[in-house]
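Chemist: quick one: sequence plus predicted model below, questions after.
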Amino acid sequence: MCYYELVPHVHDIGMGDFIREYHLDGTINEKNYLGNYSDRERIITLPIIPSIEIGRNHTIPDLFKAGGGISPRFVISKRLKELLEKYEANKKIQFFPIKIVQQNSSFKDYFVTNFFGNDDSWIDFEKSEFIEQIITKEGNRFIRLTFKTENIEKRYRNLSEFLERADDLYNNDNKLFAKRVFISSSCSEDVLILDSCVSLNMIISDELKRTIEKQGFFGIEFKPLEISDKEWYGPNGLRKQFYK
């Protein structure tokens, strides 16, 4: 089964800011403010959520990044939420109502996500490829300090080995990126939340992707998980064959 990252499509370039402003009754210092919760654990009580004002020239999509103080969450339409719930996304994602404002209109049929599940264990590490970015310093008090970056392609045997290596790299100011990720052939879930190996995001099955496409949702892209960012987003990347 193929899997895809659910990615917001950037629309209306050159027509002003998409998110114009955030409006909050209260302050961000309140304990129950959504941005003060980790987006990796279940929230027990209804959090304080700011409303989001969208620029007047923009069409509101079915999926967009919440941004600001409630990042890295997503905002989704009620229609998309209901479809995701049919595929049991609510077992790993909470959906809280959020008010969207545009000019003199307000919309209450949108929801902000909170991820609390983690499906990194479904990654097929023997097939997946990663890049270790090693930064070395050269120089001393007589020679100007320079930095050298080396990218090393790596594979790991399992999640435990990956996490141990990731901690070691980050503790030494180095980095670890996913190049291409494969999901185990034994996985039958339609919605996955990956965090440790790729940027925190919703990953969906090929079946769910086809359903979203068939139902005509607006503002959503699908990036194949098995294709590297460079191959997809690069100057001659594959994305251009599917999206403008």
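Modeler: Thanks, I have it.
Chemist: on the three-state scheme, Lys209 is what?
Modeler: Counting by DSSP: H, G, I helix; E, B strand; the rest coil, the backbone at Lys209 sits in helix.
Chemist: do I have it right that it meets Tyr4?
Modeler: Yes: applying CB atoms under 8 Å as the test, Lys209 and Tyr4 come out as touching, 5.3 Å apart. The way it works is simple: take the backbone N, C-alpha and C, and place the C-beta from them, glycine included.
Chemist: any common contacting residues for these two?
Modeler: Phe222 (CB atoms under 8 Å, 6 or more residues apart in numbering).
Chemist: beta partners of Pro97?
Modeler: Phe111 (DSSP bridges).
Chemist: what about it, distance to Gly237?
Modeler: 36 Å (CB to CB, to the nearest Å).
Chemist: likewise for Ser38?
Modeler: Taken as CB to CB, the span from Ser38 to Gly237 is 33 Å.
Chemist: neighbour count for these two, which is higher?
Modeler: Just comparing Ser38 and Gly237: by other CB atoms under 10 Å the higher neighbour count belongs to Gly237, 14 against 9.
Chemist: quick one: that one from Asp229, how far?
Modeler: On the measure of CB to CB, Gly237 and Asp229 end up 9 Å apart.
Chemist: show the pLDDT at the residue nearest to the spatial centre of the chain.
Modeler: The centroid of the chain falls nearest to Asn201 when counting by CA atoms, centre = their mean (3.1 Å). Asn201 carries a pLDDT value of 89.
Chemist: go on, Glu138?
Modeler: 74.
Chemist: and it, how many neighbours does it have?
Modeler: 10.
Chemist: give me the domain ranges for the chain.
Modeler: Structural domains annotated on the chain: 3-120+186-241, 124-180, as defined by automatic domain parsing.
Chemist: the nearest residue to Ala166 once chain neighbours are set aside sits in which helix or strand?
Modeler: Leaving aside its chain neighbours, Ala166 sits nearest to Leu176 (4.9 Å; criterion: CB to CB, 6 or more residues apart in numbering). In this structure, Leu176 sits in strand 175-180 according to DSSP states H and E.
Chemist: and for Glu5?
Modeler: Going by DSSP H and E, Glu5 is in strand 3-8.
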